[in-house]
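[1] have a look at this fold, sequence not included:
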């Protein structure tokens, strides 16, 4: 049963890790604009091709 | 035959003279943009979307104020020797091609380093090298390719972003704790008996630990709001919530510490998490609409000041009484001023509500906020902007409103309900206490509080109203807060402004009646009226501009109050009043408006009829509105003789009203019954404020709305009756939800008072009541929306 202690600690720390990611995402403005990045990712390919020409 | 569309902007190509690389364009501007983009290797702009562009508009001098370093500094986010950063608002961003083009701006213009587009905010953050490109050049380039930037004065609106971040973080913390508490509560849910008592205790204490950030970080606003409301002796929607939260928390702590139960930490964390999420989405809707704009955002940043025959741009804050300034066509006069050049025409619709522009003679005083139309004028500043008539009107609007407190029906109902719950709780408490059952007394009190408070009054109204304003926002009605819905539902009187509200702002309808004019004759008239500054002449020349040519005028005379006499080529043209042109026919058209009669070579031809353009479908809308409420027309303009207005409004029409008159009119109506004022512009501002519900009609989201509680998209104006009906339906949904939760609460209170609340009972009743009430609220408001609007 004492394995539960480890599991609890593990689950809490994984969850805390996610909160950390979430905090980072907020900090880096990832919730500011939910449309442009989805379009921008389509240009990048084309841009790289242009530069290598 | 399908018409040829401009390859750039998608407009119909009228004349085939603009062709480049076998592609047709509607104008030279579009062709230039195409050539510029293809030369810079940005052909993809056209492959991402079809006809993505905008025909570029280039106003001369539009960005002249950017020559002033002080003005530029005000706009910049960051400034150093090598780079400058600026955030530009580009309202024309509308598709993925726009993002592509803007983010590749560096290929077109050397010196632009990076462009980062935020599509949702229609903003672009630009980093550039000030030694290679100036902000003005960039603004001109953007305008040239069809994305005219609008410059906002930086003020308090730098903070909302941080506000949202904080809110997101609060939700995140609450969500994290909520999830983990649920996980740790699992053994309790399933009543697993194999787990030893020690583990049960550990889980409970961990839960207790996890609830602390939820309560003391995420949930703080509910306490702060309730305390603020109680300070002014009002019960806001947050008060019962705060009481419920405290009761849940206290009871749970007690249960855990005394080892009598596992507490209700999961319910508490879930409640706060859901409430915060709801509030976040509600706030997001209003992100784009600021209800409280600054007066200065209406004015240009700078004006041209004349000083010893030198022209110089200055910021409007730096203007001093006595300065001489020049204001051009379509520019706004930023301060109360005296006209020192020859007579000009100015549009006062924003400050007084008059539809047609007025002529001002030399020496007359003219108020800030007026817009010069046509010929430029030179003015002497009389008052600084912040002391102008408009600024004082603005301040009056702002100061006459106190704290927006909740006095609505569901608010007061939940107030009564909270009192009732507290009474029942105390009664149960004293009953057990005086029967020597101290622990039973505390049990009963907390059980009553926690079982009743959160779900009933707290959830049904905010959920129903919150969903209702979200749905209304889809239809172009932007409500300041949820409780406006309740106020709208009780409206008895509807007062409508005329100019810009029931008529389309700055638009008139011109029709010609009489003997058909040929193109040559139209050109005669056009040439005669073209040099006149009279408002009617301006309208006429605007109408004829596209179809006629400007001919040489040999003789020209403008007779005040009569008309214009002119010799154009070999023709004598007389344009003006019926008497002036000796029109023999009586004007017997349906409607009202202004008549301009035309006589060419002493022969009467006919007349132009000019009237304000009413919104489409206005009459049907007004008749629908009349069925359920009293409607009034309140106008700052001169009397409108349109028989249709008479038919709809009857005697409920008042004209020539100053902003103060409008205020008293609305106030007297408001004293007898709930009154809604529908208006636009600052001339209605005070009236909007004193009404129960002020609705600002706006054809342009960027204009400003002092003191309005609802912003209505001009295109949706005709749906006003539907909105009133919908608000009534929403209120009905709330009543149903409230009755349902009362029912739950009576059952709950019975069990609580008889000390039968077991953890299992609470775990079943609380979620079920919340879920049914919430889904009823959301579903009911959505069904009503579908039935009324779709």
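    That came through, no problem. This is a predicted model, so every value here is computed, not measured.
[2] what about the residue of the stretch 351-500 of chain B found nearest chain A, how many neighbours?
    Using C-beta to the nearest C-beta, the point where the stretch 351-500 of chain B gets nearest to chain A is residue B:470, with a distance of 17.2 Å. No exception for glycine: its C-beta is placed from N, CA and C like everyone else's. Taking other C-beta atoms under 10 Å in any protein chain shown as the criterion, the count of residues near residue B:470 is 19.
[3] okay, and it sits in which element?
    For residue B:470, the host element (DSSP states H and E) is helix B:456-474.
[4] how far out from the middle of the chain is that helix?
    Relative to the mean C-alpha coordinate of its chain, helix B:456-474 is positioned 19 Å out (C-alpha atoms, centre = their mean, to the nearest Å).
[5] do you know the pLDDT at residue 23?
    Unless you meant another one, I'm taking chain A. In this model, residue A:23 is scored at 92, pLDDT.
[6] actually chain B
    79.
[7] any idea what it is bridged to?
    Legend: beta-bridge partners of residue B:23 under DSSP bridges are residue B:20.
[8] where's it relative to residue B:67, distance?
    Remark: distance between residue B:23 and residue B:67 (C-beta to C-beta, to the nearest Å) = 36 Å.
[9] circling back to that earlier point, elements contacting the helix holding residue B:470?
    helix B:238-257, helix B:265-285, helix B:409-434, strand B:477-479, helix B:483-489, helix B:720-753, helix B:759-789 (3 or more C-beta pairs under 8 Å, 6 or more residues apart in numbering or on different chains; DSSP states H and E).
[10] out of these, which comes closest to residue B:306?
    Go through the helices and strands packed on helix B:456-474 one by one with C-beta to C-beta and the one that ends up closest to residue B:306 is strand B:477-479, at 42.2 Å.
[11] quick one: strands adjacent to the closest one?
    The strands beside strand B:477-479 in its sheet (DSSP bridges) come out as strand B:710-713 (antiparallel).
[12] starting at the chain centroid, how far to the partner strand?
    6 Å.
[13] same thing with stretch B:213-226?
    Between the mean C-alpha location of stretch B:213-226 and the chain-wide mean there is a distance of 30 Å, by C-alpha atoms, centre = their mean.
[14] now what about that stretch, what contacts it?
    B:170-171, B:173-174, B:177-178, B:236, B:238-239, B:241-243, B:245, B:249, B:268-269, B:272-273, B:275-276 (C-beta atoms under 8 Å, 6 or more residues apart in numbering or on different chains).
[15] which of these are buried?
    Applying 16 or more other C-beta atoms under 10 Å in any protein chain shown to these, the neighbour count classes B:170-171, B:173-174, B:177-178, B:236, B:238-239, B:241-243, B:245, B:249, B:268-269, B:272-273, B:275-276 as buried.
[16] hang on, residue B:261 packs against residue B:207?
    No. No contact is recorded between residue B:261 and residue B:207 when judged using C-beta atoms under 8 Å, the distance being 11.8 Å.
[17] who's more crowded, those two?
    The residue with the greater number of neighbours, taking residue B:261 and residue B:207 and applying other C-beta under 10 Å, is residue B:207; the counts read 26 against 16.
[18] tally of neighbours for the nearest residue to that one once chain neighbours are set aside?
    By the measure of C-beta to C-beta, 6 or more residues apart in numbering or on different chains, the closest residue to residue B:207 outside its immediate chain neighbours is residue B:265, 4.3 Å from it. Counted with other C-beta under 10 Å, the burial measure for residue B:265 works out to 29 neighbours.
[19] cool, and residue B:661?
    Neighbours of residue B:661 using other C-beta under 10 Å come to 15.
[20] contact residues of chain A facing chain B?
    Of all the residues in chain A, those in contact range of chain B (C-beta under 8 Å from any C-beta of the partner chain) are A:1, A:4, A:8, A:11-12, A:15-16, A:18-19, A:22-23, A:26-27, A:31-36, A:39-40, A:42-43, A:46-47, A:50.
[21] pull out the buried members of those.
    Neighbour-count burial (16+ other C-beta under 10 Å) applied to the residues of chain A next to chain B gives A:8, A:12, A:15, A:19, A:22, A:26, A:33, A:36, A:39, A:40, A:43.
[22] was I right to think the fifth one contacts residue B:172?
    Looking back up the chat, that one is residue A:22. Yes. With contact defined as C-beta under 8 Å, residue A:22 and residue B:172 form a contacting pair (4.7 Å).
[23] shouldn't residue B:372 be within a strand?
    Yes. Looking at residue B:372 with DSSP: H, G, I helix; E, B strand; the rest coil, it is inside a strand.
[24] that one bridge partners, please.
    With DSSP bridges as the criterion, the beta-bridge partners of residue B:372 are residue B:346.
[25] please compute how far stretch B:550-559 lies from its chain's middle.
    Between the mean C-alpha location of stretch B:550-559 and the chain-wide mean there is a distance of 46 Å, by C-alpha atoms, centre = their mean.
[26] okay, buried residues for that stretch please.
    Burial within stretch B:550-559, assessed by neighbour count using 16+ other C-beta under 10 Å, is assigned to B:551, B:553, B:556, B:558.
[27] got the residues you listed as JSON lines, with distance to residue B:328, secondary structure and pLDDT columns?
    Formatted as JSON lines, the entries for the buried residues of stretch B:550-559 read as follows, by distance: C-beta to C-beta, whole Å; DSSP: H, G, I helix; E, B strand; the rest coil; pLDDT from 0 to 100:
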{"residue": "B:551", "distance to residue B:328": "26", "secondary structure": "coil", "pLDDT": "78"}
{"residue": "B:553", "distance to residue B:328": "24", "secondary structure": "strand", "pLDDT": "79"}
{"residue": "B:556", "distance to residue B:328": "23", "secondary structure": "strand", "pLDDT": "81"}
{"residue": "B:558", "distance to residue B:328": "22", "secondary structure": "strand", "pLDDT": "77"}
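[28] hmm, back to that, would you turn the buried ones among the residues of chain A next to chain B into CSV with secondary structure?
    Below are those laid out as CSV (three-state DSSP):
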residue, secondary structure
A:8, helix
A:12, helix
A:15, helix
A:19, helix
A:22, helix
A:26, helix
A:33, coil
A:36, helix
A:39, helix
A:40, helix
A:43, helix
